[in-house]
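Engineer: Fold the following.
(2 chains)
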Amino acid sequence: SQKIEQNSEALNIQEGKTATLTCNYTNYSPAYLQWYRQDPGRGPVFLLLIRENEKEKRKERLKVTFDTTLKQSLFHITASQPADSATYLCALPFSGGYNKLIFGAGTRLAVHP
Amino acid sequence: EAGVTQSPTHLIKTRGQQATLRCSPISGHTSVYWYQQALGLGLQFLLWYDEGEERNRGNFPPRFSGRQFPNYSSELNVNALELEDSALYLCASSLYQGERIQYFGAGTRLSVL
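Structural biologist: Next up is the predicted model:
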């Protein structure tokens, strides 16, 4: 069955450094992949979408890559700031034929001044 | 443009009672999704409604139910509340077509005592 894996351990980095988060998936070849940000007690907010025929997508300080051979997406935040501290979720369309998303458990990022 | 709105913000119930949570999607969105997020855990898919019909449900007992109204707003009902139902309940909306970017509300925090 479809499985999404994100690093469950928190990622702690220093302000100004690049944060890299990983999303791995198995038993599936999704047409696209999405990344969301969630702050404590709030709903997730959509950040970026990357399609299977796109290797890389950028938005301001954010960059997403999509390697369909490795079945992996990397999410980068350059010049990180304490305000970037949040949980980041990846999401893929459900493989079972229904038009819904399956969310990973998320990786918590903490950027320290 | 108004985002997804959920009410109430907080809800306190006792075990065995019923809870009703409400969601208004973004104008033009016909799909509404409900998720449960227990403290410190990931999003668990509950229900998906589109055009007034239930399209899919997650692995939750029948006491979790809902409906979608002609104006696309939605209601989630939880009967016979149990302590473990305490969680943040998130509603999201999306267009029916396309890559289904989901826009989330701020959630309803349900506490079962």
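
Engineer: who's in contact with residue A:12?
Structural biologist: The contact partners of residue A:12, by CB atoms under 8 Å, 6 or more residues apart in numbering or on different chains, come to A:110, A:112. Using the backbone N, CA and C atoms, a C-beta is placed for each residue, glycine as well.

Engineer: Could you count how many residues lie near the residue in chain B positioned nearest to chain A?
Structural biologist: Here the residue of chain B nearest chain A is residue B:104; by CB to the nearest CB that distance is 3.0 Å. Neighbourhood size, residue B:104 [other CB atoms under 10 Å in any protein chain shown]: 23.

Engineer: count of residues packed around the closest residue to it other than its chain neighbours?
Structural biologist: Closest residue in space to residue B:104, ignoring its immediate chain neighbours: residue A:43 at 3.0 Å, by CB to CB, 6 or more residues apart in numbering or on different chains. For residue A:43, the neighbour count with other CB under 10 Å is 23.

Engineer: Repeat that for the one 10 residues further on.
Structural biologist: Residue crowding around residue A:53 was assessed by other CB under 10 Å; the count is 9.

Engineer: Phi first, then psi, for residue B:83.
Structural biologist: Torsion angles at residue B:83 (phi, psi; degrees, to the nearest 10) stand at phi -60, psi -40.

Engineer: residues in contact with the residue nearest to it when sequence neighbours are not counted?
Structural biologist: Leaving aside its chain neighbours, residue B:83 sits nearest to residue B:112 (5.3 Å; criterion: CB to CB, 6+ apart). Taking CB under 8 Å, 6+ apart, we find residue B:112 in contact with B:13-15, B:81-86.

Engineer: and the two most separated of those?
Structural biologist: Greatest spatial distance among these (CB to CB): B:14 and B:84, at 14.0 Å.

Engineer: which residues of chain B score low on pLDDT?
Structural biologist: Flagging of chain B using pLDDT under 70 yields the residue ranges B:1.

Engineer: What parts of it come near chain A?
Structural biologist: Within chain B, the positions near chain A by CB under 8 Å from any CB of the partner chain are B:4, B:31, B:33, B:35, B:41-43, B:45, B:48, B:55-56, B:88, B:90, B:92, B:96, B:99-107, B:109.

Engineer: which ones are touching the residue positioned nearest the centre of chain B?
Structural biologist: Most central in chain B under CA atoms, centre = their mean is residue B:34, positioned 3.2 Å from the mean C-alpha point. Contacts for residue B:34 (CB under 8 Å, 6+ apart) come out as B:23, B:45-48, B:66, B:74, B:76, B:89-91.

Engineer: Format the contacts of residue B:112 as JSON lines; extra columns: distance to residue A:49 and neighbour count.
Structural biologist: Listed next are these as JSON lines, based on distance: CB to CB, whole Å; neighbours: other CB atoms under 10 Å in any protein chain shown:
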{"residue": "B:13", "distance to residue A:49": "37", "neighbour count": "16"}
{"residue": "B:14", "distance to residue A:49": "42", "neighbour count": "10"}
{"residue": "B:15", "distance to residue A:49": "41", "neighbour count": "11"}
{"residue": "B:81", "distance to residue A:49": "37", "neighbour count": "21"}
{"residue": "B:82", "distance to residue A:49": "37", "neighbour count": "12"}
{"residue": "B:83", "distance to residue A:49": "38", "neighbour count": "10"}
{"residue": "B:84", "distance to residue A:49": "34", "neighbour count": "8"}
{"residue": "B:85", "distance to residue A:49": "32", "neighbour count": "20"}
{"residue": "B:86", "distance to residue A:49": "33", "neighbour count": "17"}
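
Engineer: Nothing else from me, thank you.
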